[in-house]
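Peer 1: fold the following, please.
(one chain, ligands or ions: 1)
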Amino acid sequence: MSLKEKINLSKLPQHIAIIMDGNGRWAKQQGEQRIFGHENGVKSVREAVEACAELGVNYLTLYAFSTENWNRPQEEVIALMQLLVHTISAETATLNKNNIRLQAIGDLKSLPADCYNELQEAIEKTKDNTRTTLVLALSYSSRWELLNAVQQIAEKIQNKTLSPQNITENTINTHLCTAGMPEPELMIRTSGEHRISNFLLWQLAYAELYFTDKLWPDSN
Ligand code: FPP
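Peer 2: Numbering: from 1, shown residues only. Okay, here's the model as predicted:
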């Protein structure tokens, strides 16, 4: 029986979130620069998206660039941004062909203009697709997201459109970048690290966490 045949489709998570980790270590193992690891990581991204679409997972969220990643060496940040622009532009037609919608969460305005524009274009071109939603977390961190939500809620209290006693879990949910998305039931992290690293802290409250030693480029 193949792995795919063993999956109980009636118990499929609606939303899977992945921390794609280990690209740098994978590149080092090959005696290559870190960006070589990220380039090979794109193959695993493709496989993960295809698998979710084939199985019927509604949402797949990938941690592609954290707010902390801005502190990496400038040349790695530039190369990663170029890879993102190139990948998004090269894959939009395939996303459309497979009825996959692209969305993004994070401080998107902090992305370089070409990356931001490419992303918005791909989001617009795929917005009517209904099979699976691929969510890219870009310049994302959970503390940034929660801080933002608190500021928006505080403004509503200040201008009296909301009163403190009416704040519910749903108020928080609707002020997060993930508003309207189901919560992930499964979070996967590759590369042997057993941490959540500022990723979807509120949304992962009830998620099952799965850690694998495989490095991300080997995870296909
Ligand atoms: C973590 O590995 C990976 C990243 C910070 C970037 C992930 C990006 C991609 C796979 C490429 C493009 C993605 C999309 C969605 C188009 P690491 O560099 O932290 O590895 P290390 O821990 O071994 O150093």
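Peer 1: can you tell me the centre-most residue of this protein?
Peer 2: Taking Cα atoms, centre = their mean as the criterion, L62 is the residue nearest the geometric centre of the chain, at 2.6 Å.
Peer 1: quick one: contacts for the residue lying farthest from the centre of the chain?
Peer 2: Within the chain, K160 marks the point farthest from the mean C-alpha position, 34.3 Å out by Cα atoms, centre = their mean. K160 makes contact with no residue, according to Cβ atoms under 8 Å, 6 or more residues apart in numbering. (Each C-beta comes from the backbone N, C-alpha and C, glycine too.)
Peer 1: for P217, grab the count of nearby residues.
Peer 2: Other residues within reach of P217, judged by other Cβ atoms under 10 Å, total 25.
Peer 1: ugh, wrong one, I meant R189
Peer 2: Per other Cβ under 10 Å, the neighbour tally for R189 reads 23.
Peer 1: one more: E155?
Peer 2: Using other Cβ under 10 Å, the number of residues around E155 comes to 11.
Peer 1: how about the strands of this protein, start to end?
Peer 2: Assigned strands in the chain, in chain order: 15-19, 59-66, 100-105, 132-140, 186-189, 208-211 (criterion: DSSP state E).
Peer 1: got a markdown table for the ones you listed, with mean pLDDT too?
Peer 2: Compiled in a markdown table, the strands of the chain are given as follows (pLDDT from 0 to 100):
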| stretch | mean pLDDT |
| --- | --- |
| strand 15-19 | 98 |
| strand 59-66 | 98 |
| strand 100-105 | 98 |
| strand 132-140 | 98 |
| strand 186-189 | 98 |
| strand 208-211 | 98 |
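Peer 1: out of those strands, nearest to the ligand?
Peer 2: strand 59-66 (4.2 Å; Cβ to the nearest ligand atom).
Peer 1: what's the closest one in contact with?
Peer 2: In contact with strand 59-66 (Cβ under 8 Å, 6+ apart) are residues 14-20, 45, 48-49, 52, 80, 84, 105-106, 132-141, 178, 181-182, 184, 197-200.
Peer 1: kindly report the same for stretch 186-194.
Peer 2: Contact with stretch 186-194 is made by 13, 15-22, 25, 195-196, 199-200, 204, 207-216, 219, as judged by Cβ under 8 Å, 6+ apart.
Peer 1: what of stretch 108-125?
Peer 2: Contacts of stretch 108-125 from elsewhere in the structure, counted by Cβ under 8 Å, 6+ apart, are 70, 81, 84-85, 88-89, 91-92, 95-96, 102-104, 136, 138-139.
Peer 1: I'd like the average pLDDT over it.
Peer 2: Per-region confidence: stretch 108-125 scores 97 on mean pLDDT.
Peer 1: sorry, back to before: what separation do you get for the residue farthest from the centre of the chain and the ligand?
Peer 2: Distance check for K160 against the ligand: by Cβ to the nearest ligand atom, to the nearest Å, it reads 42 Å.
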